[in-house]
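Chemist: sequence and computational prediction follow.
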Amino acid sequence: MSNTVMERLNELLPEWLETSRLHTGQGKVASYIPELVKASQDELGIHIMDAEGNHVSAGDCGVPFTMQSISKVFTLILALMDHGEEAVFFNVGKEPTGDDYNSMIKLELVEPGIPFNPLINAGAITVSSLVAGDCKEEKSRRILEFFRKLANNDRLDYNEEVFRSESETGHLNRSLAYFLKHNGVIKEDVEDVLCVYFRHCSIEVTCADLARMALVLAHDGTDPITGNELIPRRYVQIAKTFMTTCGMYNASGEFAIEVGLPAKSGVSGGIITLVPGQFGIGLVGPALNRKGNSIAGVHLLERLSKEFDWSLF
């Protein structure tokens with residue numbers, strides 16, 4: 001079945017992508033991180049990979065971009081591998097918020113003052129503090145090594161310009177982090193934790209890298225191409241659940257209805273998603289809708305899911 005689908009994708013995907021590209025004019029490139037403004041609003045690319053390593057790509061799939069919030073999925077997995085569920089979820093919750101991803105409101109109003117889930121900024125900052133390591137450099141090194149292993153790409157690295165841009169302008173994230181420190185959620189030095197957080201958000205990838213990482217999630221933690229078991233199945237289940245309930249910001253419910261796949265987006269325009277047991281998918285389209293997701297990317301994924309009946313629901 002995979003080969004048949006890949007053949008149809010190879011035939012249809014370029015035209016579908018160009019149709020979706022027409023929607024980029026309705027979105028806006030993220031501007032609150034100054035370095036991200038440099039992305040082209042018209043870009044749209046996708047890479048789809050199956051368990052045999054066959055792949056189909058279309059559009060601007062070779063354009064590098066930073067992971068941003070997509071990285072939160074994998075730092076969560078690494079923290080779970082380091083400490084287990086009980087320790088991680090003592091510090092961060094498991095529920096959607098209904099608020100903006102960078103909101104502080106529920107930290108103030110809802111006891112016990114821990115982030116609602118690991119995919120909002122407050123939750124991801126908390127998770128960054130939980131990654132094992134004696135210093136910020138060791139934490140960041142371990143994260144990058146883990147991402148390289150999942151992507152099967154030893155050349156993955158940080159975009160230093162984006163890292164500096166985030167670090168210099170991340171005032172709201174600093175407010176969140178210091179409030180978490182005040183609540184006793186973060187135990188370490190706040191600036192060190194933020195350095196780790198900003199660094200993993202600034203790891204630069206292509207659509208192919210995301211597709212390979214997604215393929216590992218699609219196969220419950222095993223890279224089906226190499227046969228290497230990289231993540232315990234239980235932690236993949238947890239990650240995919242959060243991707244479904246919280247991964248597309250405040251459009252997660254709508255995405256579940258219209259696409260029906262676990263996914264995580266980032267404000268650079270990237271989206272990682274997967275078809276369980278079949279495909280890993282990486283996509284980029286910097287023009288964002290009002291909810292912070294790639295407007296053309298979501299349109300393309302809706303069409304793919306409906307055409308190939310990929311929805312889990």
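Modeler: Yes, it's here. Fair warning: this is a prediction, and the values are worked out from it, not measured in the lab. Numbering: from 1, shown residues only.
Chemist: so what's the residue sitting nearest the centre point of the chain closest to, chain neighbours aside?
Modeler: Centroid-nearest residue in the chain: I70, 1.5 Å away (criterion: Cα atoms, centre = their mean). Nearest residue to I70, sequence neighbours excluded (Cβ to Cβ, 6 or more residues apart in numbering): G266, at 4.4 Å. Every C-beta, even on glycine, is put in place using the N, C-alpha and C of the backbone.
Chemist: what of S31?
Modeler: Nearest to S31 is V37, by Cβ to Cβ, 6+ apart, at 5.2 Å.
Chemist: still on that earlier bit, from S175, how far out is the residue nearest to the centre of the chain?
Modeler: 23 Å (Cβ to Cβ, to the nearest Å).
Chemist: can you check V92 too?
Modeler: Distance from V92 to S175, by Cβ to Cβ: 18 Å.
Chemist: now swap in K264 and tell me
Modeler: 24 Å.
Chemist: just A132 next, same as before
Modeler: Taking Cβ to Cβ, one finds A132 at 26 Å from S175.
Chemist: quick revisit: count the neighbours of the residue nearest to S31 for me.
Modeler: The tally of other residues near V37 (other Cβ atoms under 10 Å) stands at 14.
Chemist: residue ranges with poor pLDDT in the stretch 101-250 of the chain?
Modeler: Within the stretch 101-250 of the chain, the stretches with pLDDT under 70 are 101-106, 108-111.
Chemist: where along this protein do the strands fall?
Modeler: Secondary structure of the chain (DSSP state E): strands located at 28-29, 45-50, 55-59, 65-66, 157-158, 203-205, 263-265, 270-275, 279-284, 287-288.
Chemist: redo those strands as a markdown table? Include mean neighbour count.
Modeler: A markdown table is the format used below for the strands of the chain (neighbours: other Cβ atoms under 10 Å):
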| stretch | mean neighbour count |
| --- | --- |
| strand 28-29 | 17 |
| strand 45-50 | 26 |
| strand 55-59 | 22 |
| strand 65-66 | 27 |
| strand 157-158 | 16 |
| strand 203-205 | 24 |
| strand 263-265 | 30 |
| strand 270-275 | 28 |
| strand 279-284 | 28 |
| strand 287-288 | 26 |
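Chemist: would you turn those strands into a markdown table with distance to K136?
Modeler: Below are the strands of the chain laid out as a markdown table (distance: least, Cβ to Cβ, whole Å):
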| stretch | distance to K136 |
| --- | --- |
| strand 28-29 | 30 |
| strand 45-50 | 32 |
| strand 55-59 | 35 |
| strand 65-66 | 19 |
| strand 157-158 | 13 |
| strand 203-205 | 15 |
| strand 263-265 | 24 |
| strand 270-275 | 24 |
| strand 279-284 | 28 |
| strand 287-288 | 30 |
